[in-house]
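[1] Sequence and predicted structure below; questions after.
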Amino acid sequence: MRELRIRPHHLLCIGYFEGKGYSDSFSHSMEQIKELTLQNPKITLSCGSDEVCRACPNRVENGCRTQEKVMRYDREVLRLLEIEEGMHSDWNSLRKKTEEKILNCRKREQICGDCEWNEICRKNEDGANERKIPDSIE
Ligand code: SF4
């Protein structure tokens, strides 16, 4: 399988994607990317246009219409995961690291709480945490 180029903050977006996006073609592309992640593809982390941006209406020639915001998200993800741009890894390892260092300690909103899709991610986080609570607590 080909290696996917992924922006660091898209480690968060892909995980919580649930069918809503900037356009129909964007959402369709995200569904396909999410499917691909089930096969644990090799990933190169890159703070530039990536696999997700390809079908996005916000993409511009040299990046993103909201470049300053998405670069801030990317930098913060790299900082919290303690990794560098350009790193080669695989989806499962990166997503596990993301869960350990960002999601499980509820740091996601400090990264991208001003994103227009924040409510979807918050709802999914709350659902994930509810599922972790044991049936009976002494
Ligand atoms: S909003 Fe910007 S960073 Fe996000 S997918 Fe679209 S082009 Fe890429």
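    Sure thing, it's come through. Quantities reported herein were computed from a predicted structural model and do not represent experimental measurements. Numbering: from 1, shown residues only.
[2] Which residue ranges of this structure form helices?
    According to DSSP state H, the chain carries its helices in the segments 10-16, 24-37, 67-81, 91-98, 108-112, 118-132.
[3] Kindly reformat those helices as a markdown table containing distance to the ligand and mean pLDDT.
    All C-beta spots, glycine's among them, are computed from the backbone N, C-alpha and C. A markdown table is the format used below for the helices of the chain (distance: least, Cβ to the nearest ligand atom, whole Å; pLDDT from 0 to 100):
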| stretch | distance to the ligand | mean pLDDT |
| --- | --- | --- |
| helix 10-16 | 7 | 95 |
| helix 24-37 | 7 | 96 |
| helix 67-81 | 4 | 97 |
| helix 91-98 | 17 | 97 |
| helix 108-112 | 10 | 97 |
| helix 118-132 | 14 | 81 |
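[4] Distance from the chain centre to stretch 61-68, please.
    Put simply, stretch 61-68 sits 17 Å off its chain's centre (Cα atoms, centre = their mean, to the nearest Å).
[5] Of all the residues in that stretch, which ones are buried?
    63-64 (16 or more other Cβ atoms under 10 Å).
[6] ends of it, how far apart?
    15 Å (Cα to Cα, to the nearest Å).
[7] Of the helices of the chain, which stretch is the most buried?
    helix 10-16 (a mean of 21; mean count of other Cβ atoms under 10 Å).
[8] Can you give the contact residues for that helix?
    If you take Cβ atoms under 8 Å, 6 or more residues apart in numbering as the criterion, helix 10-16 is touched by 6, 30, 33-34, 37, 50-52, 73, 77, 94-95, 98, 102-103, 108, 111-112, 117, 120-121, 124-125.
[9] who touches Cys56 in this structure?
    22-23, 26, 64.
[10] If anything else comes up later, I'll come back, but that's it for now.
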